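Engineer: Following is a predicted model, sequence given first.
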Amino acid sequence: MKIKLVLLWLAVGLTLGWGVFKTLENALKLFA
Amino acid sequence: MGSSFFNRDQTVAPPGYNRFLVPPAALAVHLSIGQVYAFSTFKLPLTKIIGITHSAPSDWSGSEVGWAFSIAIAILGLSAAVFGRWVERAGPRLSMFVAALCFGSGFIVSAIGIHLHQIWILYLGYGVLGGCGLGIGYISPVSTLIKWFPDRPGMATGMAIMGFGGGALIAAPLSVMLMDHFKTAVSNGVLESFVTMGVIYFLYMMIGVIFVRVPASDWKPDGWTAADKPRSLVTSANVAVDLAWRTPQFWLLWVVLCMNVTAGIGVLGQASPMIQEVFAGRVTPAAAAGFVGLLSLFNMGGRFVWATISDYLGRRNTYLVFFLAGIVLYSAVPSLGHSGSIPLFVAAFAIILSMYGGGFATIPAYLRDVFGSMNVGAIHGRLLTAWSVAGVLGPQLVDSIRQSQIDHGVPKAEAYSITMYVMCGLLLLGFLCDVAMRPVNPRYHFRPAKPA
């Protein structure tokens, strides 16, 4: 159950994290 | 996968099931359907299907393509309202599967429309089929999460609805990457990207279908008991969906959501030109795109943070904060523009957009407090019609006021001031409706039929 929990959170967390990273990359141009 | 897999009874969790498996299942669905907020990345390429590098005379126009998005959002609200009761009956697994099927096949049908260059097939695919996937997918995990987290309903639904805000952050770079990958001398890569995204989103949403579970009817979190003296608006009774929408409370909450969304969505749609016009010569188009991205981040984060805060502050108080802080911030925007401070201007809108997202995420728990959890998914579905109305009202209001200001000789940088004061008026109306909220009259409460 614990492995399933970790894998499931990783699947959604990494996807969302990638989107946040890409957005922040662009957002930083605002203050460059 | 037999039909029994989708049977609601088959999705009842066994004893000891970890309830924290359910939020990521819901997130898998919301992160996918949140793609709709990034549809604009396809807008320009869809006007160059024939010309490839430029718009040929026979290519679709931008406004024709834009209708696909508008239809999808309108169908979202309608399908959530129409299918809400079915979603409650069928359970989250079957409804998530239908949402995955509609949303994924919507992309495939759209790709056929692009291949045949028939705009009505694009409307049917992305707008109607995809829109049904959006509406059903949006409400399918809500009541399940509320039942799993009776101790923290705001946090639980906020987590899922945060995914809808986050979906655009993933879809925008993903769409650009796919179009770059599939681009050739005879195709701009949109068709292939649509097919790929249809398959990816279907498979990703299936994670939710496989892992979602409903709690047993007598399940409660370990050591948790309902509060002896709940907050004044929190009921232990239930109101059936067909009666709920006849109560004044439903329509007060409808206006509360509609005003909060109208104020936020109007700004979100105009964010890029607004910052470039207010700080003319100081903000480039690339930096303005960064501003929009930053607002999307706050829109997403606000969904989780504010909905979690509402578990402690109470739903009505949370909305009072949204409306009062919104009025202060919107009325300060013209002065912040004049002051020339970009960081302060950005900070004001970041907070405004966090409250816009927070409004979406807090409403399911507010409905649970007022109407009980029995039909909360279906009631939420009907309330989402407020979103459809706001989706048209907000951008139209901002556009028309700004245009009329410019037509009357007001400089572009100043043309947003009146809009901001109109937004304050809308928020004041929302504030008054929120203040007027009272518990539902007990005559609307659900009473199970007594055995004969």
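Structural biologist: Everything's here; your move.
Engineer: so what's the residue in chain A positioned nearest to chain B up against?
Structural biologist: When distances are taken as C-beta to the nearest C-beta, chain A reaches nearest to chain B at residue A:19, 3.4 Å away. Using the backbone N, CA and C atoms, a C-beta is placed for each residue, glycine as well. Counting by C-beta atoms under 8 Å, 6 or more residues apart in numbering or on different chains, residue A:19 touches B:166, B:168-173.
Engineer: Also residue B:45?
Structural biologist: Residue B:45 makes contact with B:179, B:188-190 under the criterion C-beta under 8 Å, 6+ apart.
Engineer: Swap in 6 Å and give it another go.
Structural biologist: With contact set as C-beta atoms under 6 Å, 6 or more residues apart in numbering or on different chains, residue B:45 has these partners: B:188, B:190.
Engineer: May I ask which helix or strand encompasses it?
Structural biologist: helix B:40-46 (DSSP states H and E).
Engineer: Tell me which helix or strand comes right after that helix.
Structural biologist: helix B:62-90.
Engineer: Could you pull out the buried residues of that next one?
Structural biologist: By neighbour count with 16 or more other C-beta atoms under 10 Å in any protein chain shown, helix B:62-90 contains the buried residues B:65-66, B:68-81, B:83-85, B:87-88, B:90.
Engineer: ok, now stretch B:301-321?
Structural biologist: Neighbour count says stretch B:301-321 has B:301-311, B:313-316, B:318-321 buried, by 16+ other C-beta under 10 Å.
Engineer: Contact residues of chain B facing chain A?
Structural biologist: B:18, B:21, B:24, B:27-28, B:166, B:169-170, B:173, B:286-287, B:289-291, B:293-294, B:297 (C-beta under 6 Å from any C-beta of the partner chain).
Engineer: could you flag which of those are buried?
Structural biologist: B:21, B:24, B:27-28, B:166, B:169-170, B:173, B:287, B:289-291, B:293-294, B:297.
Engineer: quick one: pLDDT of the nearest residue to residue B:398 once chain neighbours are set aside?
Structural biologist: Using C-beta to C-beta, 6 or more residues apart in numbering or on different chains and skipping the chain neighbours, the partner closest in space to residue B:398 is residue B:266 (3.9 Å). Residue B:266 is assigned a pLDDT of 76 by the prediction.
Engineer: again, but for residue B:176
Structural biologist: 89.
Engineer: Could you do the one 5 residues further on as well?
Structural biologist: Reading off the confidence values, residue B:181 has pLDDT 96.
Engineer: Look at it and say how many residues are nearby.
Structural biologist: Using other C-beta atoms under 10 Å in any protein chain shown, residue B:181 is surrounded by 11 other residues.
Engineer: likewise residue B:377?
Structural biologist: The burial count for residue B:377: 29, using other C-beta under 10 Å.
Engineer: any idea what the closest residue to it other than its chain neighbours is structurally, helix, strand or coil?
Structural biologist: Closest residue to residue B:377 apart from its sequence neighbours, by C-beta to C-beta, 6+ apart: residue B:143 at 3.6 Å. Secondary structure for residue B:143, judged by DSSP: H, G, I helix; E, B strand; the rest coil, is helix.
Engineer: Kindly report the same for residue B:16.
Structural biologist: coil.
Engineer: tell me the pLDDT at it?
Structural biologist: Reported pLDDT for residue B:16: 87.
Engineer: and the strand or helix carrying residue A:16, which residues are buried?
Structural biologist: Taking DSSP H and E as the criterion, residue A:16 maps to helix A:2-27. Within helix A:2-27, the residues that qualify as buried are A:8, A:11-12, A:15-16, A:19-20, A:22-23, A:26-27, counting by 16+ other C-beta under 10 Å.
Engineer: roughly how far out does it sit from the chain middle?
Structural biologist: In terms of C-alpha atoms, centre = their mean, to the nearest Å, the centre of helix A:2-27 is found 3 Å from the chain centre.
Engineer: picking up where we left off before, closest to residue B:53 out of the buried residues of helix A:2-27?
Structural biologist: Of all the buried residues of helix A:2-27, residue A:26 has the smallest distance to residue B:53: 24.1 Å, by C-beta to C-beta.
Engineer: Wait, the closest one touches residue B:292, no?
Structural biologist: No: with contact defined as C-beta atoms under 6 Å, residue A:26 does not count as touching residue B:292 (8.5 Å).
Engineer: Filter the residues of chain B next to chain A down to just the ones in helices.
Structural biologist: B:24, B:27-28, B:166, B:169-170, B:173, B:286-287, B:289-291, B:293-294, B:297 (DSSP state H).
Engineer: Count residues in the vicinity of the closest residue to residue B:221 other than its chain neighbours, would you?
Structural biologist: Taking C-beta to C-beta, 6+ apart, and ignoring the residues beside it in sequence, residue B:221 has residue B:151 as its nearest neighbour in space, at 5.5 Å. Residues lying near residue B:151 (other C-beta under 10 Å) number 15.
Engineer: Kindly check the end-to-end length of stretch B:281-289 for me.
Structural biologist: Length of stretch B:281-289, first residue to last, C-alpha to C-alpha, to the nearest Å: 15 Å.
Engineer: and that stretch, average pLDDT?
Structural biologist: Mean predicted confidence for stretch B:281-289 is 80.
Engineer: distance between it and the chain's centre?
Structural biologist: Chain-centre distance of stretch B:281-289: 27 Å, with C-alpha atoms, centre = their mean.
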